[in-house]
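Visitor: Next come a sequence and a model predicted from it.
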Amino acid sequence: QVQLVESGGGLVQAGGSLRLSCAASGRTFSSYAMAWFRQAPGKEREFVARISSSGGTTRYADSVKGRFTISRDNAKNTVYLEMNSLKPEDTAVYYCAARNSPYSPGTSYDYDYDFGQGTQVTVSS
């Protein structure tokens, strides 16, 4: 059973930046693709970004491309989401996600992942 603990959320003004971190335990971290999803009030959870187990491949939702960067440090069992040029529409609970099978490619579908508890990101206008 994987444990995922997110941190780094908070309140920021539009145009600002935040860096989310997710510490993973309970699995061989370097064997699993990782991702970030988010859920805004009244909306379904949506894919934000994903990264391969080695860190060599990343993919982003169109809405965050060019503003967000996903990265990972396999020595620290941690995945990050650097968020720049934040907009009010980025306001959501952000969830760290671990692919639910090792050595499998990342996807954009939440049913392929196990999730952490989430961290709130609020962007004021």
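Guide: Nice, I can see it.
Visitor: Tell me which residue is most central in this protein.
Guide: residue 36 (2.2 Å; C-alpha atoms, centre = their mean).
Visitor: can you pull up the bridge partners for it?
Guide: Residues in a beta bridge with residue 36, per DSSP bridges, are residue 49, residue 96.
Visitor: from memory it sits against residue 96, does it?
Guide: Yes: with contacts counted by C-beta atoms under 8 Å, residue 36 reaches residue 96, the gap being 6.2 Å. No exception for glycine: its C-beta is placed from N, CA and C like everyone else's.
Visitor: tell me, what's touching the two both at once?
Guide: Jointly contacting residue 36 and residue 96 under the rule C-beta atoms under 8 Å, 6 or more residues apart in numbering are 20, 22, 79.
Visitor: Tell me the confidence at the second one?
Guide: Residue 22 carries a pLDDT value of 98.
Visitor: Please, which helix or strand holds it?
Guide: strand 18-25 (DSSP states H and E).
Visitor: Residues contacting that strand, please?
Guide: With C-beta under 8 Å, 6+ apart as the test, strand 18-25 has contacts from 2-10, 12, 34, 36, 76-83, 86, 94, 96, 98, 116, 119, 121.
Visitor: For it, list the C-alpha coordinates in PDB.
Guide: C-alpha atoms of strand 18-25 as PDB (Å, rounded to 0.1, in the frame of the first residue of the first chain):
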ATOM      1  CA  LEU A  18       3.800  27.600  -5.700                       C
ATOM      2  CA  ARG A  19       5.800  24.400  -5.500                       C
ATOM      3  CA  LEU A  20       4.000  21.300  -4.400                       C
ATOM      4  CA  SER A  21       5.800  18.300  -3.100                       C
ATOM      5  CA  CYS A  22       4.600  14.700  -2.600                       C
ATOM      6  CA  ALA A  23       6.600  12.300  -0.400                       C
ATOM      7  CA  ALA A  24       5.900   8.600  -1.200                       C
ATOM      8  CA  SER A  25       6.500   5.500   0.800                       C
END
